[in-house]
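J.: Give me a model of this one.
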Amino acid sequence: MAIGEKLWEGKAKSTTTVIKSIEPDGVLMMATWAAQMKGFGKAKGVDGQVMFSSKIKMGPNGAGISQGQGILNTMTGDMAVIKGYGYGKPVMDKAKSVGIWTLMSMSPKLAWVNDAAALVAMEGDPSWMEFTVTVWEWKW
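T.: Coordinates of the predicted model:
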């Protein structure tokens, strides 16, 4: 397995966080964020906005696993849906996360995403209010 070319990069902001429950092994939350994304490599010119919502289970040490879904709306009117899974934790004065996305689109311009998987890295402030999102192709 090898990381391929960078596909997107952007700045994100959390829009909503809801505490769903407090459980013996941690806190269950729902979080939504939005990011303006710029395309690179295969995605060059595919700029737009990602809106993403996820269920997060955060343990006592601040680390958490997430499962979510989102939408990529491009500036040219194309759309792709995203399914994602991730793991994140605070490191010093930052929060970091890594995950995997699969995408699906009916748009001919974005048909290539139907066969792609992506590695996603996020890094930002400890409360995830503002962070960067970088998406790389996962080479099969």
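
J.: got a list of what the closest residue to residue 78 other than its chain neighbours touches?
T.: Distances taken as C-beta to C-beta, 6 or more residues apart in numbering put residue 107 closest to residue 78, at 4.0 Å, once the chain neighbours are dropped. For the C-beta atoms, the positions are set from N, CA and C on the backbone; glycine is no exception. Taking C-beta atoms under 8 Å, 6 or more residues apart in numbering, we find residue 107 in contact with 78, 79, 80.

J.: Which entries within those meet the buried criterion?
T.: Buried residues within the contacts of residue 107, counting neighbours by 16 or more other C-beta atoms under 10 Å: 78, 80.

J.: Can you give the contact residues for the strand ranked longest in the chain?
T.: As assigned by DSSP state E, the longest strand anywhere in the chain is strand 2-23. By C-beta under 8 Å, 6+ apart, the residues outside strand 2-23 that reach it are 27-43, 46, 50, 55, 118-119, 122, 124, 128-139.

J.: For the most far-flung residue of the chain relative to its centre, give its distance to residue 115.
T.: Computed with C-alpha atoms, centre = their mean, the residue of the chain farthest from its C-alpha average is residue 24, at 27.1 Å. Going from residue 24 to residue 115 by C-beta to C-beta, to the nearest Å gives 41 Å.

J.: for residue 17, same thing?
T.: Residue 17 is 33 Å from residue 115, by C-beta to C-beta.

J.: do the same with residue 58
T.: Residue 58 is 33 Å from residue 115, by C-beta to C-beta.

J.: More neighbours: which of these two?
T.: A direct count of neighbours by other C-beta atoms under 10 Å for residue 58 and residue 115 places residue 58 higher, at 18 against 9.

J.: The residue nearest to that one when sequence neighbours are not counted: how many residues sit nearby?
T.: Once flanking residues are discounted, residue 58 sits nearest to residue 64: 3.7 Å by C-beta to C-beta, 6+ apart. Residue 64: 23 surrounding residues under other C-beta under 10 Å.
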